[in-house]
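Enquirer: can't give you the sequence, but here's the structure:
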């Protein structure tokens, strides 16, 4: 063979060689007359791999079957996508007696790979490939030469083979008994010899399936044959062409019957199928598992469960978090699958089943899919119309929430136990991993919907769902806490070992011993240190506060809210000595309350500053959740500091990696170094960002050395880190020792460095330097922070800048720091010591209005403290017994955008969870009315909605807006209104006398009984018609909220503004009052509540 011939043969084989793989080798070995694959399609023409047949490409080319699931295909294999609009690939017939024409006695095999998006609806069809019936001019309309299709049958999708007889008088249709599912790839094939009706045989995934001729009957007739087109994906344009919805690949036609052995070899899949161990399902519970890395459609491969948990019902508003071996929040795969199964007893008869999901989900009942939802839609431009109100499913059935889908189906049960399986995808590409209100509900005998459950009854009403979701969130806190403890056992053991070493080091150091002053009362060593200075100044400590004030104070200082009536009763009923210590222990055991109270403090100190809009724009990530979990776990503070410095875990979903975020900052690590120095070392290094510090013992190089340790590489000094020269040539007061562009290596500037580096990672080395027991600054700063939190002023003031400060009680500071280190850096241990001291439990020192000089700071009693903004808001909701009930903290409520564009911080249950609502332009359509009412209250009492810098002490100067917002604001109104969900309503309905009601009211709001004068005053106010206050025939109103899906996707539409303005009006009205109390008496009782809540006593720590 000469070279010219060799080259021509090479070029002829090139398309086959280029796109060849193990699968195509098998097909070509069987010698098809036409074979279309789509990997080589780069123009509008798609050529058959064999022969001269070609078609016009009019669709996109997404991935086809590929490894790992389908190992015989190339890694870049492509398919053809069809979207059910009637698009197709048309192939012209070469002419009479072509390879595409079949007569009586001819055999045909048609095969293809298909991935339908959904199960074909019953009685409907999807066209895979066929010849004729194109409705082109010049050919008969019913000229179906042959066609392979999918058909919707009971339980799934079957194969359908159709042709018209040669006389063009009768249809002949065969339908398979075998079924295939939706989403995943399947191999389908059909073999038939025209003229031999019994010869037909279908194949699904390599397995033969029989069927029945269900139209025209079995026949030995010849087929209709003409020169019409062969089409793939639809027989004609539009819905009448029964278009395919999904993907098609590897279409091949043969003029022979392929053997069952050959077709069985076509389907090779590495897909693992999920198995469900029915016997292992817990009785009365729903067993749920989460599976990662399986894609985001039903073409998944089964993976092992990444998490397993149980639920009482088929509803999942919250899912367990994922943690690494250090117990830090990490991200799951962008899309993951939830599978939830249970055995549920259903009465015999027809039921209505309601499936709600945010994206693709399907519900199986006894092995059959009975309901499903579609993939979620993604980004939109903001101009979309506001969706109409969802269809009502009953008078009080909870309405569908924005971004959710629902399918309502009827299901006939034979009675007895049914196996129920819910499969639902969570997240996806460019979607946040949120479940929304993922749930399955059931209505039987025409009754209202209940969440489907093996045992528990939860009504699908607003009140029913909200109560369930609140309880479920608390339960998930416990699930996550147990998971963290389990996966981080080795990490916890490492820190215990470190603490053992540290204790041994500290034990070798001289101890500080307190001197007991015999004539002054003392509870522990703290009092001895305080009494020593008092006695030297010839001053007396203040008397202990009474038990009522003590309990309110300790509740506010440990869990951040006033004590409940039950907690007050438990304390008062404890008559044995030491009951104050036992009360302190009970409050300190409330891990969730402890975390709720302290999280906001560390948000300020660490400048946690997430933004729900464009979170990458000069913000941090929401590492608040790591702070909260660390406090729940009472994490040792050296470990807390180390995890913060290492900045690992999830960036957007709550891990300390969020601390690293600082966009639009030319030296972000310098900003982080300043935060760490201020928070944990009491060093204010902010000025060193741009120049040397003229009044401190450090310079610019020191800050940049720490910043370089955080960056883990030498840090270049930017141009902004300089001071411009003065115009008249005078020497500036501040100096710049670093030139822009110079690089500063990682270095620890303070104290004596460790004898040798113990970490190659400079971040880990930095954490070790800060918490080194030889560097007692860290321990002293930490205990001083706790002291100021409880006593009003620090032993060292200010607590975050020790450059020129002196401790008021240096020995006490040393003693507390040693206690802190010996306890394993346990913040609660320090708190317990302080809370049990007489110093803390004494009456307020009204003279301590300023910290003063260290020499004159005696701590004869705690300083007067106003409640923090969070304590005020949380206590208002606590005393009224109401949930906050505010909206989701997101502008993307329908969940159509990625986390890099919008955060969703959820619906807050405590005040620390709020952040800026990102509506600086005051667009009404972007308002979050109820949440805004809380934010307004918080801001008026010193809370910051943006934390661009770290602080410890907030602005607590009184102003006229503070009483005004409590008197006239929405939060105050909600707290005082006797709505159906109010604890005050429940109290008013109790069968007790007026005096007892007033006493219980005082205990609930002010944590003490009323004085005789107070009781008499309010008795006169509510005694009128007291006996007739209750309307006995009135029933509690059922709440039913109309849901308008206003979101970023439609906020520019005029309806969005109109709707949000109406929602703001409703928010201002507060919660609707109960109808079970007569209005005049109810309003009088609300007056009493109003007066107590707005009294100065309510907003000050006693």
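Expert: Yep, that arrived. Remember, it's a predicted structure, so these values are computed and weren't measured experimentally.

Enquirer: please count neighbours and contacts with C-alpha atoms only from this point.
Expert: Noted.

Enquirer: following the chain past the helix-or-strand element of the chain with minimal mean pLDDT, name the next helix or strand.
Expert: Ranking every helix and strand in the chain by mean pLDDT, DSSP states H and E puts helix 3-18 at the bottom, with a mean of 33. Reading on from helix 3-18 to the C-terminus, the next helix or strand found by DSSP states H and E is helix 22-29.

Enquirer: so which helix or strand takes in residue 770?
Expert: helix 762-771.

Enquirer: ok, residues contacting that helix?
Expert: Residues outside helix 762-771 that contact it (C-alpha atoms under 8 Å, 6 or more residues apart in numbering): 638, 641-642, 645-646, 680-681, 706, 709-712, 746, 748, 753-754, 757-759, 775, 778-779.

Enquirer: ok, and the closest non-adjacent residue to residue 1021?
Expert: Take residue 1021 and drop its neighbours on the chain: the residue closest to it by C-alpha to C-alpha, 6 or more residues apart in numbering is residue 1084, 6.7 Å away.

Enquirer: okay, that neighbour: pLDDT?
Expert: pLDDT for residue 1084: 96.

Enquirer: could you do the one 3 residues further on as well?
Expert: Predicted confidence (pLDDT) for residue 1087: 97.

Enquirer: what sits against it?
Expert: Residue 1087 touches nothing, counting by C-alpha under 8 Å, 6+ apart.

Enquirer: tally of neighbours for the closest residue to residue 853 other than its chain neighbours?
Expert: Distance criterion C-alpha to C-alpha, 6+ apart; nearest residue to residue 853, sequence neighbours excluded, is residue 808 at 7.9 Å. By the measure other C-alpha atoms under 10 Å, the count of residues near residue 808 is 23.

Enquirer: these two touch, right, residue 808 and residue 851?
Expert: No: if you go by C-alpha atoms under 8 Å, residue 808 and residue 851 don't touch, sitting 9.9 Å apart.

Enquirer: between the two, what contacts are shared?
Expert: Here residue 808 and residue 851 have residue 857 as joint contacts, going by C-alpha under 8 Å, 6+ apart.

Enquirer: could you pull up phi and psi at the closest residue to residue 913 other than its chain neighbours?
Expert: Distance criterion C-alpha to C-alpha, 6+ apart; nearest residue to residue 913, sequence neighbours excluded, is residue 905 at 7.6 Å. Dihedral pair for residue 905: phi -90, psi 10, per degrees, to the nearest 10.

Enquirer: equivalent analysis for residue 99, please.
Expert: According to degrees, to the nearest 10, residue 99 has phi -70, psi -10.

Enquirer: all strands for the stretch 251-400 of the chain, in order.
Expert: Ranges of strands in the stretch 251-400 of the chain, per DSSP state E, counting those that start in this stretch, are 286-292, 307-311, 322-323, 329-330, 335-346, 349-357, 361-365, 368-373.

Enquirer: can you redo those as a markdown table with distance to residue 579, mean neighbour count and mean pLDDT?
Expert: Converted to a markdown table, these look like this (distance: least, C-alpha to C-alpha, whole Å; neighbours: other C-alpha atoms under 10 Å; pLDDT from 0 to 100):
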| stretch | distance to residue 579 | mean neighbour count | mean pLDDT |
| --- | --- | --- | --- |
| strand 286-292 | 43 | 22 | 97 |
| strand 307-311 | 38 | 16 | 97 |
| strand 322-323 | 39 | 20 | 97 |
| strand 329-330 | 39 | 23 | 98 |
| strand 335-346 | 47 | 23 | 96 |
| strand 349-357 | 51 | 21 | 97 |
| strand 361-365 | 54 | 21 | 96 |
| strand 368-373 | 57 | 20 | 94 |
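
Enquirer: nearest to residue 91, of those strands?
Expert: With C-alpha to C-alpha as the measure, strand 368-373 is the member of the strands of the stretch 251-400 of the chain nearest residue 91 (34.8 Å).

Enquirer: returning to that earlier point: how far out from the middle of the chain is the helix holding residue 770?
Expert: Chain-centre distance of helix 762-771: 31 Å, with C-alpha atoms, centre = their mean, to the nearest Å.

Enquirer: what's around the nearest residue to residue 313 once chain neighbours are set aside, how many residues?
Expert: Excluding the flanking residues, the one nearest residue 313 by C-alpha to C-alpha, 6+ apart is residue 453, at 4.4 Å. Residues lying near residue 453 (other C-alpha under 10 Å) number 24.

Enquirer: contact partners for the closest residue to residue 84 other than its chain neighbours?
Expert: Nearest residue to residue 84, sequence neighbours excluded (C-alpha to C-alpha, 6+ apart): residue 245, at 4.5 Å. Residues near residue 245 by C-alpha under 8 Å, 6+ apart: 81, 82, 83, 84, 116, 117, 118, 126.
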